[in-house]
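Student: Okay, sequence plus prediction incoming.
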Amino acid sequence: MPIVSKTRRQTDYNLFPPSVPIVIDNGASYFRIGWAGETEPRVVFRNIVQRPRHKATGETVTIVGDQDPAMMKFFDCTRSGPRSAFDSNVVYQFEIMEYILDFAFDRLGASGSAIDHPILITECVGNPVYSRCKMAELLFETYGVPSVAFGVDAAFSYKYNQRHGKCQKDGIVICPGFTTTHTIPAEELKLEHCYIAPDYVSEARKFQVTQALRKARGEPKDEADEFEENTDSNEKYPLINVPDNMLTPEQIKDKKKQLFLKTTTEGRLRARQKRNEEELEKERRNQLEEERRRCPEILFHPNLVGIDQVGLDEMAGASIRRLPHDDKELEERLTSSILMTGGCSLVPGMKERLECGIRMIRPCGSTINVVQAKDPVLDAWRGASAFAADLNFLGNAFTKKDYYEKGEEWLRRYQIRYNTL
């Protein structure tokens, strides 16, 4: 099946010996892949798949990652929207995941379906055993990789920043990601107690910003729904995507009529949209001062968008209360090294706002030190790259021999050791 992409293909894949691991940061927003020991991933793209039809031939193509706007005029994208392999931050659509891995290995330079390099791939905290087993099955059965290691992206980011002096040995990792936020107490990087609050990070902020822009422009809220309803051709034009050799002469005539109606309808919609844009006042200013401040506040008050969850500051307090023993000294060590990582931590003022919120729920005089990761977006991949380049990495890997001898259920007891470096 043809793949459309604007991501450049690497040419030095064969220069790396089979002993060099491939590092994958499989995030819900972006997919990053590269070689162990390097400081930058080789290939980065959005972790989505779209399968539109070619307007002329009707052939279905696969688009992985970002779309090339110059090529979109040749494809009908109204019947196939972007799809993700994730539910929150857990992989559950492994058919889509296979498309993404095929594309990633191809862009990395692999010429065949077999991958003879060890794999280190990130996963979420508390990843269900089923999801981990299906990922191992996909990598071993489809690509024939010699070994696989699973690790938490936030832990790799914390370890990377610890090596660069940004945080201490014990601390708290707060990772507001694309769809889920994790707050993890890291005691010697043993990640056993965490508090997870899903479904209110980037998507909620994006929705509120969109609604604010529509309100400022005076547009109706249901404009997108109306456009989608008018352009949905599944039921209105059922014969358009059927090949002519499967139709009777009468059906071919009906197909031509449906194609004409569909073309004219889309033309009227485009003309209406153009008229609406021309009617907007020139040099009009939309004031968004309030919305600019309220959108990041969703991270601390999710009830602003109707979600019954606690905020980042309360999550940190809940994580400390979940510790198995009441150790005031340990709590002081954790709150004196709070690391913020993940793309949402780049919001201006996030560090100061989080520190203020945590200070209100901690005892008076407690030491609280919130630091931002060196690079909140790439530190997880860089930490995983450094981990995979260490000589002790293979001792943390789950080999193909283990997979065939012990089975998938052995992965239930699998636990990577982050403190081996």
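Tutor: That came in fine, so what should we check first? This is a predicted model, so every value here is computed, not measured.
Student: separation between Ala271 and Glu278?
Tutor: 11 Å (C-beta to C-beta, to the nearest Å). Any C-beta I mention is one placed from the backbone N, CA and C, and that applies to glycine too.
Student: Return the distance of the strand or helix carrying Leu354 from the chain's centre.
Tutor: For Leu354, the host element (DSSP states H and E) is helix 350-361. Centre-to-centre, helix 350-361 and its host chain are 26 Å apart (C-alpha atoms, centre = their mean, to the nearest Å).
Student: So which bits of that helix are buried?
Tutor: 350, 353-355, 357-358 (16 or more other C-beta atoms under 10 Å).
Student: cool, and stretch 72-86?
Tutor: If you call a residue buried by 16+ other C-beta under 10 Å, then stretch 72-86 has these buried ones: 75-76, 78, 80, 84-86.
Student: Mind picking the two most distant members of these?
Tutor: Spatially, the most separated pair among the buried residues of stretch 72-86 is Asp76 and Phe86, at 25.5 Å (C-beta to C-beta).
Student: pretty sure Glu297 is touching Leu304, no?
Tutor: Yes: applying C-beta atoms under 8 Å as the test, Glu297 and Leu304 come out as touching, 6.5 Å apart.
Student: for the record, mean pLDDT for the lengthiest helix in the chain?
Tutor: Longest helix in the chain, counting residues (DSSP state H): helix 249-279. Mean per-residue pLDDT for helix 249-279: 81.
Student: Please name every helix or strand in contact with the helix holding Leu354.
Tutor: If you count contacts as 3 or more C-beta pairs under 8 Å, 6 or more residues apart in numbering; DSSP states H and E, helix 350-361 packs onto helix 312-321, strand 338-340, strand 370-372.
Student: mind running it again at 10 Å?
Tutor: strand 171-176, helix 289-297, helix 312-321, strand 338-340, strand 370-372 (3 or more C-beta pairs under 10 Å, 6 or more residues apart in numbering; DSSP states H and E).
Student: Next secondary structure after the third one?
Tutor: Past helix 312-321, further along toward the C-terminus, the next helix or strand under DSSP H and E is helix 328-335.
Student: Give me the average confidence score over that following helix.
Tutor: pLDDT averaged over helix 328-335 gives 87.
Student: how far is that helix from where the chain is centred?
Tutor: 32 Å.
Student: which SS class is Phe45?
Tutor: Of the three states, Phe45 takes strand according to DSSP: H, G, I helix; E, B strand; the rest coil.
Student: Report the contact partners of it.
Tutor: If a contact means C-beta atoms under 10 Å, 6 or more residues apart in numbering, then Phe45 has 5-7, 30-33, 64-66, 100, 103-104, 107 as its contacts.
Student: residue contacts, the closest residue to it other than its chain neighbours?
Tutor: Leaving aside its sequence neighbours, Phe45 sits nearest to Gly65 (C-beta to C-beta, 6 or more residues apart in numbering; 3.0 Å). Applying C-beta under 10 Å, 6+ apart, we find Gly65 in contact with 3-7, 30-31, 43-50, 82, 100, 103-104, 107.
Student: Could you do Arg107 as well?
Tutor: Applying C-beta under 10 Å, 6+ apart, we find Arg107 in contact with 3, 5, 7-10, 13, 33, 42-45, 64-65.
Student: Distance of it relative to Asp25?
Tutor: Distance, Arg107 to Asp25, using C-beta to C-beta: 15 Å.
Student: before we move on, back to that, quickly name whichever of the buried residues of stretch 72-86 is closest to Thr248.
Tutor: After measuring the buried residues of stretch 72-86 against Thr248 - C-beta to C-beta - the closest member comes out as Asp76, at 24.2 Å.
Student: Hmm, the closest one is touching Gln50, no?
Tutor: No: assessed by C-beta atoms under 10 Å, Asp76 is found out of contact with Gln50, at 11.2 Å.
Student: strand partners of the one helix or strand Arg32 maps to, parallel vs antiparallel please.
Tutor: Assigned by DSSP H and E, Arg32 belongs to strand 30-35. In the sheet, strand 30-35 lines up against strand 22-26 (antiparallel), strand 43-46 (antiparallel) (DSSP bridges).
Student: thought Gly81 was touching Gln67?
Tutor: No: taking contacts as C-beta under 10 Å, Gly81 lies outside contact range of Gln67: 11.6 Å.
Student: Which neighbours do those two have in common?
Tutor: Common contact partners of Gly81 and Gln67 (C-beta under 10 Å, 6+ apart): 48, 50, 52.
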